[in-house]
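# Sequence first, then the predicted structure:
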Amino acid sequence: AAVAPAPQNDDNNASIKETKETIASESDGPSAQQQLSKSQLRKRKRREMLAAKREQRKAQIKQAKRIKAEAEGRDLDKERKEQLEREKSGEGRKRRDALKMKYMKTIETSFGVGFDCSFENQMTSKETNSLASQIRYAYAANKRSKNPCQIYVSSLKGPTFDFMSKVCGFPDNWTRWGFQCSDKDLVEMLPNKSKLVYLTSDSKNELEHLDDDKIYIIGGIVDRNRLSRAAINRAEALGLETAKLPISSYFKLVTTKVLTCNHVFEILLKYREYGNDWKKAMLDVLPQRKNAAVNGNVDLEEVNSGNEATEKGVDT
């Protein structure tokens, strides 16, 4: 006679299922690793390392802010509590609206700065992404500035526009903070040529002061070494006035120097913020290695050593 199998209770079934899942998951691990090539594994490891470094950097910045606040006698916890209370009462929004009105009023009476992105077809994808990042940095610096200006970006299209479009709120929300962009060429977007001054280190004219009626154009060139004289050739073809930052009047130059678009932009902002002081503005904005200063001069070869600006910059 056939013997019926012994019944299994639910606990036994669950235990068997769990054991099978554990074995399966353990077996999946090595096989998943084996499916990745050495190159893919290296890239994944690099991504993980970069992510860890970013988190470490964030923690360091946060700690530095706390230390600075404590040194100034500030109570960060109290400030955060007050901030939350202002948000609940709506006081924070009223304060922001008042600051925005003051911000826009300042822009109306200040010089303008334009970014000419017409060089995109001469740059690599990596370079256009770098240019987009530099424009973002400039926009952020403008929002923080005590003396903001109107920003114009011409010929913004293709990969540069696509990269910037990934930023939340671009471009609609940016226009509220003195930012205008267009896919039109520079002189189509800004047809009054008499107001335009193209900044390039190849110019014979040194910029002595900033005129509030002018718009200063920064060529959107990331690799200046490869695109030598591209900015001044562009300006001359358009029949525009040119000028260069007065770096040589205040600093000891070793070789031709290159700054990123956002560095040039920030120097213009700081010049006005520091009461039209070029030297102070450039010392504040140039890469942080200030220990090269000798008798009031700065060796830009040392200042820019190891800085990405020496490889990915624009004419100044």
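Nice, thanks for sending it over. Numbering: from 1, shown residues only.
# Strands of this structure, residue ranges please.
Under the criterion DSSP state E, the chain contains strands at 112-116, 150-154, 179-181, 196-199, 215-219, 241-243, 293-294, 297-298.
# Quickly, which of these bottoms out on average pLDDT?
When those are ranked by mean pLDDT, strand 293-294 comes last with a mean of 40.
# for stretch 108-126, how far is the first residue from the last?
From the first residue to the last, stretch 108-126 extends over 35 Å; the measure is C-alpha to C-alpha, to the nearest Å.
# Kindly report the same for stretch 187-206.
23 Å.
# quick revisit: output the strands of the chain in TSV; the columns should cover distance to Glu91.
Bear in mind the C-beta positions are built from the backbone N, C-alpha and C, glycine included. TSV is the format used below for these (distance: least, C-beta to C-beta, whole Å):
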stretch	distance to Glu91
strand 112-116	33
strand 150-154	29
strand 179-181	27
strand 196-199	42
strand 215-219	37
strand 241-243	45
strand 293-294	44
strand 297-298	44
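# how about Ala132, what does it touch?
Thr160, Phe163, Met164 (C-beta atoms under 8 Å, 6 or more residues apart in numbering).
# okay, how far is it across stretch 81-95, tip to tip?
Counting by C-alpha to C-alpha, you get 17 Å between the two ends of stretch 81-95.
# ranges for the helices of the stretch 151-300 of the chain?
Using DSSP state H, counting those that start in this stretch, the helices of the stretch 151-300 of the chain run over 158-165, 186-189, 230-238, 261-273, 278-285, 300-303.
# Summarise which helices and strands the fifth one is packed against.
On a contact count with 3 or more C-beta pairs under 8 Å, 6 or more residues apart in numbering; DSSP states H and E, helix 278-285 meets helix 261-273.
# The helix it packs on vs strand 215-219, what angle?
Angle between the axes of helix 261-273 and strand 215-219 is 160 degrees (criterion: axes from the mean of the first three to the mean of the last three C-alpha atoms, to 10 degrees).
# burial of Val187, as a residue count?
15 (other C-beta atoms under 10 Å).
# Chain neighbours aside, what residue packs nearest to it?
Distances taken as C-beta to C-beta, 6 or more residues apart in numbering put Leu238 closest to Val187, at 5.7 Å, once the chain neighbours are dropped.
# do you know how far the one you found is from Lys126?
Leu238 is 27 Å from Lys126, where distance means C-beta to C-beta, to the nearest Å.
# that older thread, kindly reformat the helices of the stretch 151-300 of the chain as TSV containing mean pLDDT and distance to Ser130.
Listed next are the helices of the stretch 151-300 of the chain as TSV, based on pLDDT from 0 to 100; distance: least, C-beta to C-beta, whole Å:
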stretch	mean pLDDT	distance to Ser130
helix 158-165	91	9
helix 186-189	96	20
helix 230-238	94	16
helix 261-273	94	9
helix 278-285	90	18
helix 300-303	41	20
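# quick revisit: and Leu238 and Lys126? which has more neighbours close in?
Just comparing Leu238 and Lys126: by other C-beta under 10 Å the higher neighbour count belongs to Leu238, 16 against 12.
# picking up where we left off before, for Asp77, which of the strands of the chain is the nearest?
With C-beta to C-beta as the criterion, Asp77 lies closest to strand 179-181 of the strands of the chain, at 34.9 Å.
# Partner strands of that closest one and their direction?
strand 150-154 (parallel) (DSSP bridges).
# Does Gly114 touch Leu186 like I think?
Yes - using C-beta atoms under 8 Å, Gly114 is in contact with Leu186, at 6.9 Å.
# With respect to Met101, which of the helices of the stretch 151-300 of the chain lies nearest?
Across the helices of the stretch 151-300 of the chain, Met101 has its closest neighbour in helix 261-273 (19.6 Å, C-beta to C-beta).
# what does the closest one contact?
With C-beta under 8 Å, 6+ apart, helix 261-273 has contacts from 110-111, 113, 115, 131, 134-135, 137-138, 141-142, 145-149, 199, 210, 216, 218, 220, 245, 259, 277-278, 280-282, 284-286, 309, 313-314, 316.
# Let's see the PyMOL selection covering just the buried ones among those.
PyMOL command restricting these to the buried ones, with burial defined by 16 or more other C-beta atoms under 10 Å:
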select buried, resi 110+111+113+115+131+134+135+137+138+141+142+145+147+148+149+199+210+216+218+220+245+259+278+281+282+284+285+286+309+313+314+316
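# which residues touch the closest residue to Tyr152 other than its chain neighbours?
The shortest distance from Tyr152 to any non-neighbouring residue, by C-beta to C-beta, 6+ apart, is to Gly114 (4.0 Å). Contacts for Gly114 were tallied using C-beta under 8 Å, 6+ apart; they are Ile151, Tyr152, Val153, Ser154, Leu186, Leu190, Leu196, Ile215, Tyr216, Ile217, Ile218.
# The third one contacts Ser182, doesn't it?
Yes - taking contacts as C-beta under 8 Å, Val153 lies within contact range of Ser182: 7.3 Å.
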